[in-house]
Structure formats: structure tokens, C-alpha cells
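Trainee: Below is the structure, and that's it, no one-letter string:
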């Protein structure tokens, strides 16, 4: 966007807003459709799963399902485009997979954590990509667990807290670096600012750091490519972008740090599916912030010992828009229509919006 006049900059526009009587914690587009799922909780602390469809200027409720435990998070990442089954984590610690055409009983159901499943991510299920269809979950017990959706008996990998007397709440997880059938990594973010990268091929920690503020959001710019960059969103308006191509043996990954324009928590970071340099941040002040990443002239240099050292780029704020007086708790780009998104906020509203002029960048 550098050098373009402001008239050519993207705009974040609200298309539809629907007020609800339930609290929504997550929203996810159903791939290859004009529908999305909203996950949350009724006032009586039971789970609410709603399916909405875009129909011109209307948002139609297609299906509403109530389950015993409130839903916290969901993903389609481990499902094929034919089945399009959603995996959910709930407040009771269960990881479940639902066939939305026949949701009476889950097709996959395990007790993933002792209490609330804070976050879930999926990998390997879509048309492109590599490796087994897997889910990763995290919880208040500080555990990160990886599940093969083809078996329900036990996790295929588990990363437990090293010190049982000092368990940190794990708030978010994300898959990445899944560029062949062997390689795959998981990022995990914790309430004390720890960020850990687990190598699933080696079954050990590949890298760890501390960003000083609790980690609320994690995102690789793409799951199914060799690691390129990843973003971390935190309390106190902080976010960080790490250069993932080059890992220095001592200094790790080069990074940049920035802040959204208010003191609000960065609740979520989502990279645009059609352009990995563009990402949307959802914040605690009810605003959305659209950023673009600019690579440096050189992505790596040699240090004084001859080791490769990564060089971080810069970020540019393209647009911002306030939607709510309450935090934007969830955000998801449409995988099919560039610029279309859905988000949920704690004012008990879901909103469908669009970002214009993305093709001008």
C-alpha cells in the first residue's frame, strides 16, 4: 500500500448485524458455502450451535442446536471439503466432531482436558495440504494435545507442563509448517506471555520465548507451506510478527512488535486466505484493524559467527473500524470470497462484513 493515495485504501464495512440472546465465543465459515457456524452459550450455561446462511441482504438462521455444555471454540481444519464436519471444544473439556446434517450425536467425542478447552485448531483435512487430519487442543490444565480424528482412544502427541506446581493456563494454539507428510508444528500461547513451538515430527520443543503479556491469539500466515512467518496477539494491545524462515541457534526468530491504537487486548489474528501478507486483528475495544506486512530487502544476514540471522519486516495499518463497545471475541475470513468475514462480539451480536479494495494492494 505504500505510495497509494487514501482513496485506494481498503475499507472495513459492516454488511449485516444480528442481535442474539446467546453469548457467542466463536464463528467459523463452512467451506465452499455461504453459511457459517456460531458457537456459544445460552444463559442457562448450555451449548449453542447455530448455522446461518447469507441470503442477499438477509442473514437466515438455518439450524439451532442445544447441547449440555457451552461451546468455546471450533474449526473445520481437519475435515474434508466433502464432509465439512466441525470440531468443537467445550467448557466441560470435551473435544467433539459434528456432522451438521445429522447433529444428534457427535461422530468423535473425547475428554480432551480436565476443564474448559480454550482453543482448537485443525490441519490436514482440506483439499490441499499434507499429513494426517489432526486437531490440537489446549486448556486451563496447561496441556497441549494433538488428536488424529481417525482414532479416539488417546492423543497422538501431548505436551504437559514440566512443573506440576507451576501450571500456566494455555490460551491458544495453531498448526503450521505442514508442507509435507512428515513436518508439522504447533504454536501454543500462555497466560504469562510464554510462546512455545512444538515440533510434531521430533515430538519436542523446537523454540520458545516470552512476549511479556498474556498470549490471546496465534496464527501462521499459512498452515500448509514451509514456515514463513507467524503472528502473536497479546494483552495490553501488543502484537508481534516473527520471521519464520530463519531460526538462529541462540536468538531464535527475528520479530517486530507493535500496538493497536488503543490499550485493548488483541483477541484474534487472522491472515487473509487469498493474501498472506494481509491480516485482521480483532481487539478488546470492539474494533477491527487491518494490517499489511512488508518484507525487508534482505530476509536474513550472517552474524559475526557465520550463522544465519533472520531480519524482521514492518507492518502498515491499512484500515480500522469500530463495530462494538465490547471485545471482538471471534473473527473468520471466508475461504472462498476475498474480503468477506464474520465476527462475534460480547455485545451478543454477530456481524458479517466486507473489506473493499483488497485487489488494489
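Mentor: Received, thanks. None of the values given here were measured: they were computed from a predicted structure. Residues are numbered from 1 along each chain as shown.
Trainee: correct me, but residue 217 touches residue 271?
Mentor: No: Residue 217 is beyond contact range of residue 271, at 11.4 Å (criterion: CB atoms under 8 Å). The C-beta positions use only the backbone N, C-alpha and C, and glycine is treated the same way.
Trainee: any shared contact partners between those two?
Mentor: Each of residue 231 lies in contact with both residue 217 and residue 271 under the rule CB atoms under 8 Å, 6 or more residues apart in numbering.
Trainee: Show me where the protein dips below the pLDDT cut-off.
Mentor: Applying pLDDT under 70 to the chain picks out residues 1-6, 126-129, 361.
Trainee: Do you have the helices of it handy? List them.
Mentor: For the chain, no helices are identified by DSSP state H.
Trainee: Ends of stretch 232-239, what's the gap?
Mentor: By CA to CA, to the nearest Å, the extent of stretch 232-239 from end to end equals 6 Å.
Trainee: residues near residue 81, how many?
Mentor: 13 (other CB atoms under 10 Å).
Trainee: Hmm, I typed the wrong one, I wanted residue 18.
Mentor: Using other CB under 10 Å, the number of residues around residue 18 comes to 16.
Trainee: For it, list each beta-bridge partner.
Mentor: Per DSSP bridges, the residues bridged to residue 18 are residue 350.
Trainee: Now do the same contact list for it.
Mentor: Contacts for residue 18 were tallied using CB under 8 Å, 6+ apart; they are 52, 59, 349, 350, 351.
Trainee: same thing but at 10 Å, please
Mentor: 38, 50, 52, 58, 59, 60, 61, 348, 349, 350, 351, 352 (CB atoms under 10 Å, 6 or more residues apart in numbering).
Trainee: ok, now residue 138?
Mentor: Residue 138 touches 73, 89, 112-113, 116-121, 144-145, 159, 169-173, 186, 188-190, counting by CB under 10 Å, 6+ apart.
Trainee: residues in contact with the closest residue to it other than its chain neighbours?
Mentor: Excluding the flanking residues, the one nearest residue 138 by CB to CB, 6 or more residues apart in numbering is residue 170, at 3.8 Å. Residues in contact with residue 170, defined by CB under 10 Å, 6+ apart, are 113, 118-119, 137-144, 159, 161, 188-191, 194, 196, 215.
Trainee: where along the stretch 101-250 of the chain do the strands fall?
Mentor: Secondary structure of the stretch 101-250 of the chain (DSSP state E, counting those that start in this stretch): strands at 108-111, 117-123, 134-139, 144-148, 157-159, 170-176, 185-190, 194-199, 204-210, 215-220, 229-234, 238-243.
Trainee: For residue 19, which of the ones you listed is the nearest?
Mentor: The minimum distance between residue 19 and the strands of the stretch 101-250 of the chain falls on strand 215-220, with 25.0 Å, by CB to CB.
Trainee: which helices and strands does the closest one pack with?
Mentor: Packed against strand 215-220 by the contact rule (3 or more CB pairs under 10 Å, 6 or more residues apart in numbering; DSSP states H and E) you find strand 117-123, strand 170-176, strand 185-190, strand 194-199, strand 229-234, strand 238-243, strand 266-272, strand 275-283.
Trainee: Export those to a markdown table and append columns for distance to residue 303.
Mentor: Formatted as a markdown table, those follow (distance: least, CB to CB, whole Å):
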| stretch | distance to residue 303 |
| --- | --- |
| strand 117-123 | 33 |
| strand 170-176 | 25 |
| strand 185-190 | 24 |
| strand 194-199 | 21 |
| strand 229-234 | 20 |
| strand 238-243 | 14 |
| strand 266-272 | 29 |
| strand 275-283 | 27 |
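Trainee: Sounds good, over and out.
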